[in-house]
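>>> Here is my input, please return the structure:
(chains A, B, C and D, ligands or ions: 4)
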Amino acid sequence: MPKLSYREASLAAVQQSMRSDPAVWCVGEDLGRGGVFGQYKGLREEFGEARISDAPISEAAIMGAALGAAMMGTRPIVEMRFSDFALCATDELVNQIAKARFMFGGQSRAPMVIRKPMGLWRSSAAQHSQSLESWYAHIPGLVVACPGTPQDNYSMLKAAIACDDPVVYLEHKGIWDIEGDVDFSEEFEFGKARIRRAGSDVTIVSWSNTANIAVEAADTLTEKGVSAEVVDLRSLWPWDKTAVLTSVAKTGHLVVAHESVAVAGFGAEVIATVAEKAGHTLKGPVRRLGAPRSLVSYAPNLEDQLRVTSEMIVTAAQDTLEKAS
Amino acid sequence: MPKLSYREASLAAVQQSMRSDPAVWCVGEDLGRGGVFGQYKGLREEFGEARISDAPISEAAIMGAALGAAMMGTRPIVEMRFSDFALCATDELVNQIAKARFMFGGQSRAPMVIRKPMGLWRSSAAQHSQSLESWYAHIPGLVVACPGTPQDNYSMLKAAIACDDPVVYLEHKGIWDIEGDVDFSEEFEFGKARIRRAGSDVTIVSWSNTANIAVEAADTLTEKGVSAEVVDLRSLWPWDKTAVLTSVAKTGHLVVAHESVAVAGFGAEVIATVAEKAGHTLKGPVRRLGAPRSLVSYAPNLEDQLRVTSEMIVTAAQDTLEKAS
Amino acid sequence: MTSAGHNYERGRSLLQMMERIRAFEEQACLAAERDKLVLGAIHPSIGQEAVAAGIMHNLSKEDILLSTHRGHGHTLAKGASSLAMMRELLGREGGCCGGKGGSMHIADFSVGMLGANGVVGANITIAAGAAHAIRLLGDNRIVVDIFGDGAVNRGPFLEGINWAVVFKLPILFVCEDNQYSATTKTKTMTGGDGAAARAASLGMRSTVVDGNDVEAIADTMTDIAARLRDGGPPEFLHAKTYRRMGHTSFDPAAYRPEGEAVEEEKKNDPIERQRAILRAVGMTEDDIQLLHQNAQKEMIDILQKAAGTPFPASDTAFIDVQDIGSPAVEAY
Amino acid sequence: MTSAGHNYERGRSLLQMMERIRAFEEQACLAAERDKLVLGAIHPSIGQEAVAAGIMHNLSKEDILLSTHRGHGHTLAKGASSLAMMRELLGREGGCCGGKGGSMHIADFSVGMLGANGVVGANITIAAGAAHAIRLLGDNRIVVDIFGDGAVNRGPFLEGINWAVVFKLPILFVCEDNQYSATTKTKTMTGGDGAAARAASLGMRSTVVDGNDVEAIADTMTDIAARLRDGGPPEFLHAKTYRRMGHTSFDPAAYRPEGEAVEEEKKNDPIERQRAILRAVGMTEDDIQLLHQNAQKEMIDILQKAAGTPFPASDTAFIDVQDIGSPAVEAY
Ligand SMILES: Cc1ncc(C[n+]2csc(CCOP(=O)(O)OP(=O)(O)O)c2C)c(N)n1
Ligand SMILES: Cc1ncc(C[n+]2csc(CCOP(=O)(O)OP(=O)(O)O)c2C)c(N)n1
Ligand SMILES: [Mg+2]
Ligand SMILES: [Mg+2]
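Ligands and ions are numbered 1, 2, ... in the order given. A predicted model of the protein is given here:
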């Protein structure tokens, strides 16, 4: 089993998919030179200019053209560089791509992957640091993926490329370099969470890089004698309600943690769902961790104030356990 | 007290604000002929071309230019026609307007009102029917308003125009013609809900046109011997947690109802907040009503399947009461 | 067009198509106003039929078309069934989009019509992408994308046209210029010399044609289509015509200068102009009337049929959203 | 520029400003690479200083400027404090944006600099709006908006320029063309004749100037500013220069043709070119060196001061988001 970085895992997924399916192609700014994070490195050499296509700085055209090309039977992988710039193509994504199949009564399909690196990344400030996964989860027609590990960035990206629905694929740009074993034979099924740590006292639900931080927190909790279960949702639509409800049924305690803004974030969806379906089984108050409804600063000490840390997760878990009724 | 339509109430608010503050001006497509819903009718005649300005079909420029003009000390009212088209200006709203003050360390401000008529409106299909209020509630820097009555469309619009922060102002395009008494002296404070019906058995939280439907439901419930309290949030950021928590403390039962898609909708935020802060005080399961995660159809019978009706609210309220523990 | 070089069969068939489009939209307007059967907005192209007929005459069903909110004529001319279209306008079963799209999203993929669009200008980048796929797939279809004069002020106009030029795609962009953007005279909100000049500055060969002269449009399009099929670079066509009705069938268009529409109809009705050309080369009054009446009959007929068709089955509301995470499986 | 018509004082001051910009950015790069004090990306404009110096020479502090991610030079030339700017790059207290914006969002409203922007092309519509406000307010300030060659492929380029033309706004748009968009040669992704041709098609008077000739830029700008202050329509300036470093200070720019950057530096360094002009009209080597050394000294100094400044007070993280619903009051 090779040890790959999160970046390399995604490269392998794209490369393998392009080898086996000639309809797959990639388009985005600077792809010919490997992409802004090097996540397309070497692909131009293997697949040529047409299939690893550069693009003008025209996010709306990249997104819109990918839709047209998808409706014609090709399978574009769209690179948005920073998820923030994808906002320049919101009409294309939300009004066009997400609706193309339904609006035309099922005559067309839009099989495509929209890669949007998101998240905090070393002093990038307010226009280069956002995480808007809850936006996409709210839009019918879209599948939403948030891989947090090299293995998942391999398996999930392969599944996204093979998917016949448009997939908003949100890599976390802070973890391109993290490494891990990658089993090329592991297949991902959308809507299936991964239990990153099994446990029985408290359930911690998370995704993307925050799931890694939650694992750290669980390790700390273990040292303190608390057995925490970390549920990494991996895809937010569809999302694994069963895994969450099963875990909560066992633990009776729920902490949800994510990097994005808490208000109207996807954590609210998880908590609301648990409250609706299993509110009476909870033994302590639910705890939600997310960024305050504030903007990301450039200065590192200010930027840090928006981070959800492992310590915060530990405290939240202890808190709900202490308040057990 | 004059009886005004929701449309006329907004007209009065804009007219009065423009009379008292020469910095206020309006810009959008077709405004010179009164706007697409007649909500600017007569203003060109009173205030002239410069202050009731037409615009090219350039949503990005309308939004971006309004920001530039706001940073220079004017107070633009931006008309987006259908909230769906505002998606063509998402970078301008989210990356620019919402961040202009913070990013520059408080050197600038962006006092402006972005009017975006939202909601279902007679067979308008998937690109002309969306309600994305939860998106804007998720974005730091924005104030979010969802008036549901003529009185509120007067008082809230006046408050929005007077506000020094950018306000996303979501009128519901299905109710331009509803009428009601409007007290010009009533002032609105952001973050203050209105108790549309007082009650003691169950709390129904809603906003925009769904609050009107909730009032109908409350009337039906009264006939059935159930006393429902309808909390119309009116603004979603800030929102009136106190009113909701106070009501829930009294009733012990919560139903949240809105027209937009339930998944990752603002209803989840309301429920999550109640679960976090007062989950243990609930006497029955919370109930959430919103559109299924599906797209809006043109055919009226298909379109109707996405509606939250008064009957559904009644049933949900009865359901949580029946399951009281 | 002199009778010397005139292709009578083509001329007649162009007239016939214009008659069908006109009749379809007249019935659609009646369905909306008289019968209250069309609930959403419809945007008639009455007076603009020459563009649809002239351009589509040179396309096969394999070629690709994208259009706007004002796309009935284009869709019909591309070969879609008038009955399926009318059913769509009435939101009925068997509508070409299953009743889900309505007038603004009319589409018939079986004849290469990949959709009207409710967002002004949004079709431009999508069409460029369709042409991009043709390049990738390596066949010799061509793409035509039609939009209005108002769309030239939207960003995607620049981005989509630049895209087509950069990737040398087999596509023709057509600005169907009816001089109005909803209630606004487009000229008042448009800098410079307009659509063709903008396209030329982006590196595109741009042609201007009389948008009410169906023969001229068909001729121009014959040449353009040949160049595109030969692997030529993308092109642009600016066709100036006039919007005779309001923006939607509900709009009385009271904002227009007095008499403008009447004057335009008198001088520039594309159907009358084509009749005159055909009369001059010997078409009989009877034949002229026959085309007219056949078109009327077809469209009265299909309106009646459409009105008698049931609404779509309720459970279709939740299909074709997506396979993975479908609302038919879990609404939320 | 012959010595006959040459304004020595202006020439010297243009050189001085270029020296200051160069020295500022050299120190900023050292702060980033050598000292690891700049954590985010910085985009140096080394080799492009003539545009900033030449244009800003004709503006007062009351005039308005908007810029891009590569905006240090523009901001400095508009009159911002080098120390406040360096503090901002280091994310420190007293930075011109309080440490919240960093290099990509550098701004100094007190000198009319309304912000760099991290989104390519986004400043174009905002700048048009600033000029729109000037029209509404009725004063005679002017606006300059600067963007790169890559920005001409974004929709807001069309929308913002059309806007300025339609509303006849007092604004100059400047395309500072350094030939690259990140790792891409812009020409390969740009249809037609580029920036000036596009602006002209939108109805704008467009001028092309040698972007490495600070005297020519200052001359051209003198004329343009006069026309704009006289109430003239908006204008466009295309200044071709060259990006001597990588896209960011971290980028070795290995994708460029061998020798291209060296060649450009040899032929077209704007500072060397201006020195040559000034030497020809009698500037002494001592004076030339003095300007250079003063600039070096100033910037070494401010880097040291900035490095010694504390980070911003923690509680500023939650202020200036919004008054109503401020996170300082309730985070969520
Ligand atoms: C992005 C966007 N903005 C605004 C609208 C509302 N709208 C619909 S049609 C129209 C006028 C379009 O004018 P034009 O492009 O000339 O087409 P025409 O209606 O004349 O055929 C407008 C403003 C829209 N649908 N999409
Ligand atoms: C909308 C958007 N797309 C992509 C980027 C990433 N990006 C930052 S700078 C840049 C290149 C810009 O080139 P140009 O406009 O020529 O300016 P230059 O960097 O050469 O000064 C790109 C692609 C961005 N910031 N914004
Ligand atoms: Mg038009
Ligand atoms: Mg450049």
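>>> any idea of the pLDDT on the closest residue to ligand 2 within chain A?
Going by C-beta to the nearest ligand atom, ligand 2 is nearest to A:Phe85 of chain A, at 4.2 Å. From N, CA and C alone the C-beta is placed, and that goes for glycine too. On pLDDT, A:Phe85 comes in at 98.
>>> Could you do C:Ser110 as well?
pLDDT at C:Ser110 comes out at 98.
>>> same thing with C:Thr2?
What the model reports as pLDDT for C:Thr2 is 45.
>>> which ones are touching C:Ala295?
Taking C-beta atoms under 8 Å, 6 or more residues apart in numbering or on different chains, we find C:Ala295 in contact with C:16, C:19-20, C:22-23.
>>> phi, psi of C:Asp210?
Main-chain torsions, C:Asp210, degrees, to the nearest 10: phi -70, psi 110.
>>> Could you tell me which of the contacts of C:Ala295 count as buried?
For the contacts of C:Ala295, a burial check counting by 16 or more other C-beta atoms under 10 Å in any protein chain shown picks out C:16, C:19-20, C:22-23.
>>> So which of those residues is the closest to A:Gln96?
Comparing these against A:Gln96 with C-beta to C-beta places C:Arg20 closest, at 29.5 Å.
>>> that's a helix at that closest one, yeah?
Yes: the assignment for C:Arg20 (DSSP: H, G, I helix; E, B strand; the rest coil) places it in a helix.
>>> And the pLDDT for the nearest residue to it once chain neighbours are set aside?
Spatial nearest neighbour of C:Arg20, excluding adjacent residues (C-beta to C-beta, 6 or more residues apart in numbering or on different chains): C:Ala295 at 4.6 Å. Note on C:Ala295: pLDDT of 98.
>>> Buried residues of the helix or strand where C:Ala295 lies, list them for me.
Using DSSP states H and E, the secondary-structure element containing C:Ala295 is helix C:285-307. Using 16+ other C-beta under 10 Å as the test for burial, helix C:285-307 gives C:288, C:291-292, C:295-296, C:298-299, C:302-303, C:306.
>>> Distance to A:Gln151 for the residues you listed - can I get that in JSON lines?
Below are the buried residues of helix C:285-307 laid out as JSON lines (distance: C-beta to C-beta, whole Å):
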{"residue": "C:Ile288", "distance to A:Gln151": "72"}
{"residue": "C:Leu291", "distance to A:Gln151": "67"}
{"residue": "C:His292", "distance to A:Gln151": "69"}
{"residue": "C:Ala295", "distance to A:Gln151": "63"}
{"residue": "C:Gln296", "distance to A:Gln151": "66"}
{"residue": "C:Glu298", "distance to A:Gln151": "61"}
{"residue": "C:Met299", "distance to A:Gln151": "60"}
{"residue": "C:Ile302", "distance to A:Gln151": "57"}
{"residue": "C:Leu303", "distance to A:Gln151": "59"}
{"residue": "C:Ala306", "distance to A:Gln151": "54"}
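>>> what's the closest of the residues you listed to ligand 2?
Closest to ligand 2 out of those is C:Ala306 (45.2 Å), distances taken as C-beta to the nearest ligand atom.
>>> Give me the phi and psi angles of residue 139.
No chain in the question, so chain A it is. phi -100, psi 110.
>>> Chain C, not that one
According to degrees, to the nearest 10, C:Asp139 has phi -100, psi -180.
>>> about what we covered before: quick check: the residue nearest to C:Arg20 vs C:Met189, distance?
C:Ala295 sits 36 Å away from C:Met189, going by C-beta to C-beta, to the nearest Å.
>>> repeat for A:Ala65
A:Ala65 is 27 Å from C:Met189, by C-beta to C-beta.
>>> Comparing those two, which residue is more hemmed in?
A:Ala65 (33 against 21; other C-beta atoms under 10 Å in any protein chain shown).
>>> Let me know the secondary structure of the more buried one.
helix.
>>> about what we covered before: gap between the helix holding C:Ala295 and the chain center?
How far helix C:285-307 lies from its chain's middle: 20 Å, per C-alpha atoms, centre = their mean, to the nearest Å.
>>> go on, stretch A:195-211?
Relative to the centre of its chain, stretch A:195-211 is centred 15 Å away, using C-alpha atoms, centre = their mean.
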